[in-house]
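1. With the input below, show me the fold.
(4 chains)
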Number of protein chains: 2
Amino acid sequence: MTKNRKNYHHGALKEQLVEAVRQLIETQGPDGFTIAEACRLAGVSTAAPYKHFRDREEILHAVILAAMHRMGAAMQAAADAYPAGDPERVVALGRAYIGFARAEPGVFALMFGHAGHHDEDEALAEEGRGKFAIVLRVVAEHIGRPPEDPEVNARAYALWCAVHGHCFLALDGKADKTEIMVSEEEYLRLVGRSYLP
Amino acid sequence: MTKNRKNYHHGALKEQLVEAVRQLIETQGPDGFTIAEACRLAGVSTAAPYKHFRDREEILHAVILAAMHRMGAAMQAAADAYPAGDPERVVALGRAYIGFARAEPGVFALMFGHAGHHDEDEALAEEGRGKFAIVLRVVAEHIGRPPEDPEVNARAYALWCAVHGHCFLALDGKADKTEIMVSEEEYLRLVGRSYLP
DNA sequence: TTGCCTAAGTTAGCGCTGCTAACATATGTA
DNA sequence: TACATATGTTAGCAGCGCTAACTTAGGCAA
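-> Prediction:
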């Protein structure tokens, strides 16, 4: 059963395990997966992961860190697609954030769902700060003030909260099934208009 | 070990199990608890819960539903504490929401952290609609329009998102440890000012 | 080339979990 | 008072995370 591969050594088990866990999280939900199942997907015994990771928590950590990276790249790409000052730029940034949440709802929930969990880990905290720095820069260039300005800080944070909150409610189906909202596009523009006059 | 109680029958096991699970979620986190541990807390065998609940999922469901109830009551109380039209009213509503998230971060994460999970359950969906109805009413009375007005709907949703998003970022420590934000009170007023001019 | 050191797999097994089946006891009602 | 039912028990199963001890393959020095 576990001998679908010809080599005794797997070769890229670490990366493949992270990917298997990511897939399982998306299909089974953030809690409905086991690393034993991921082992079966990767075609190794259930003891193999412990040559690469300390425990289950460390595997999850790797999954989350990789997801943070992808999300940050998507946000950066969205910001780069528009010139500084273009009002469409902040909307695109929000779309990228929401787009990631929709594309990978499982890991998104994992990234932000477990309260007080990231600040203890420096790598994750750094990744989070990097993402906020993107928002800060876009807002700063939009209203023509330095990123260190408290006003920029406050508005960038408000923007983040607005988009982040919408993601959770949207993923919960609260914005889809009930007719609470009109349209996501309209929402993003309302938010932009409200915080960046 | 399991004989700390004198009666063979426990009497109020169902309620006590829900409470035990709630406590464990708060102390161990949303994932770090087991129903076996809750049984030990309640002083019964690990098979006892299944006379009252179908499975673990149904226990969690009961915990979440009860939490939704408490949260709704807190929001209603906040809304009732100020007269219609008072600008302080919407700030108080936000404070109540955030207050619950801070008081019970574990169950709060559980309530909203697991994407696409509530809309399948009618009781939870109804509870969620009730909470949004409170926000709708407060916003409607604030800007002097009927609750059915799409404008009221859009602003109420935006308010919810802003507060909800802040809760998650605040619980993650992103708003506390880094100096991203100035103050929660200021944030609430900025949000109110932006959406309810 | 040979021979070892180490990285990266394996199997076996421990304790714990969620859950079920079968049995025991208390409670309410006829 | 008898008994049906609700609510507890113990025993036990399969699956999980994780460890220990063993095995295999690859890389490097002599």
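2. Which residues are in contact with residue A:188?
-> A:91, A:94, A:95, A:163 (CB atoms under 8 Å, 6 or more residues apart in numbering or on different chains). Glycine gets a C-beta too; all of them are placed from N, C-alpha and C.
3. Considering these, which possesses the most neighbours?
-> Among the contacts of residue A:188, residue A:94 has the most neighbours (other CB atoms under 10 Å in any protein chain shown), with 27 neighbours.
4. quick one: which of the contacts of residue A:188 is nearest to DNA strand C?
-> Nearest to DNA strand C, judged by CB to the nearest atom of the strand, of these is residue A:163 at 35.0 Å.
5. which residues touch the closest one?
-> Contacts of residue A:163 (CB under 8 Å, 6+ apart): A:94, A:97, A:98, A:188, A:191, B:161, B:165.
6. now residue A:9, what's its secondary structure?
-> Of the three states, residue A:9 takes coil under DSSP: H, G, I helix; E, B strand; the rest coil.
7. quick one, what contacts it?
-> Taking CB under 8 Å, 6+ apart, one finds nothing in contact with residue A:9.
8. measure it to DNA strand D for me?
-> 5 Å (CB to the nearest atom of the strand, to the nearest Å).
9. Could you tell me how far that residue is located from residue A:52?
-> Separation of residue A:9 from residue A:52 (CB to CB, to the nearest Å) stands at 12 Å.
10. ditto for residue A:19
-> 13 Å.
11. same thing with residue A:188?
-> With CB to CB as the criterion, residue A:188 and residue A:52 are 41 Å apart.
12. So residue A:73: helix, strand or coil?
-> Residue A:73 is classified as helix under three-state DSSP.
13. Same check on residue A:145?
-> coil.
14. thought it was touching residue A:152?
-> Yes: here residue A:145 reaches residue A:152: they are 5.3 Å apart, a contact under CB atoms under 8 Å.
15. Could you pull up the residues touching the closest residue to residue A:100 other than its chain neighbours?
-> Counting by CB to CB, 6 or more residues apart in numbering or on different chains, residue A:100 lies nearest to residue A:71, which is 4.7 Å off, once chain neighbours are set aside. Neighbour list for residue A:71: A:97, A:100, A:111, A:131 [criterion: CB under 8 Å, 6+ apart].
16. right, and the pair among those residues with maximum separation?
-> Spatial extent of the contacts of residue A:71 (CB to CB) is set by the pair A:97 and A:111 at 11.6 Å.
17. quick one: which helix or strand includes residue A:197?
-> Taking DSSP states H and E as the definition, residue A:197 sits outside all helices and strands.
18. any idea how far it lies from residue B:193?
-> 11 Å.
19. And for residue A:60?
-> On the measure of CB to CB, residue A:60 and residue B:193 end up 40 Å apart.
20. Please identify which of those two sits among more neighbours.
-> residue A:60 (22 against 11).
21. Would you mark the buried spots in stretch A:98-105?
-> Residues of stretch A:98-105 classed as buried by neighbour count (16 or more other CB atoms under 10 Å in any protein chain shown): A:98, A:99, A:100, A:101, A:104, A:105.
22. Going by distance to DNA strand C, which of the residues you listed wins?
-> Distances from DNA strand C to these, taken by CB to the nearest atom of the strand, are shortest for residue A:105, at 23.2 Å.
23. That closest one and residue A:27 touch, don't they?
-> No: counting by CB under 8 Å, residue A:105 does not reach residue A:27; the two are 11.0 Å apart.
24. can you give me the helices for chain A?
-> A:13-28, A:35-42, A:56-80, A:87-103, A:105-113, A:122-143, A:150-171, A:184-195 (DSSP state H).
25. Mind giving me the packing neighbours of the first one?
-> Under the contact criterion of 3 or more CB pairs under 8 Å, 6 or more residues apart in numbering or on different chains; DSSP states H and E, helix A:13-28 touches helix A:35-42, helix A:56-80, helix A:105-113.
26. can you tell if it touches DNA strand C?
-> Yes: counting by CB under 7 Å from any atom of the strand, contacts between helix A:13-28 and DNA strand C involve residue A:13.
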